[in-house]
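Q: Okay, predicted coordinates and the sequence, questions at the end:
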Amino acid sequence: MSPFLVMSLLFGLTFGQTASLCAPSEYTIHVEKRECAYCLAINTTICAGFCMTRDSNGKKLLLKSALSQNVCTYKEMLYQTALIPGCPRHTIPYYSYPVAVSCKCGKCNTDYSDCVHEKLRTNYCTKPQKPCNM
């Protein structure tokens, strides 16, 4: 193998780890409460994208630390609060949601992320929709 090919391969592997495609991405969530008259469409950002992982086919031969399965997760986030319109007085009409400021590839933290891939979850309104642009 030529030295140029070896260097290109090493550069590609090194650069691939740092140039993952994990970044804040625009996303619309739909929020509704049973007591309220409207569904609220909230435009926010979430962390989404590709992170390099290691193949676990050789898990019996590798150390446990070498079997990391990284996910695209929050590096920095903040919370915003929206008011759901059409709620009666006895209902709390506020909904707080995360906004991704920056993202990273790393272990999934169940304190603030859903780390389980659900089969099919729809994100839609069953009531009349009101847009919310924060």
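A: Good, I have the coordinates. Numbering: from 1, shown residues only.
Q: shaky segments in the protein?
A: 1-20, 54-68, 112-123, 130-134 (pLDDT under 70).
Q: Which stretches in it count as strands?
A: Here the chain has its strands, by DSSP state E, at 21-32, 39-50, 71-83, 94-106, 129-132.
Q: most neighbours per residue, which of these?
A: Each of the strands of the chain was scored by mean neighbour count; the highest is strand 39-50, a mean of 18, by mean count of other CB atoms under 10 Å. Any C-beta I mention is one placed from the backbone N, CA and C, and that applies to glycine too.
Q: packing partners for that strand?
A: Judged by 3 or more CB pairs under 8 Å, 6 or more residues apart in numbering; DSSP states H and E, strand 39-50 is in contact with strand 21-32, strand 71-83, strand 94-106, strand 129-132.
Q: Format those as a markdown table; extra columns: distance to Cys51.
A: Below are those laid out as a markdown table (distance: least, CB to CB, whole Å):
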| stretch | distance to Cys51 |
| --- | --- |
| strand 21-32 | 5 |
| strand 71-83 | 5 |
| strand 94-106 | 4 |
| strand 129-132 | 30 |
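Q: and of those, who's closest to Met52?
A: Checking the helices and strands packed on strand 39-50 against Met52 by CB to CB gives strand 94-106 as the closest, at 6.9 Å.
Q: So which elements touch the closest one?
A: Looks like strand 94-106 contacts strand 21-32, strand 39-50, strand 71-83 (3+ CB pairs under 8 Å, 6+ apart).
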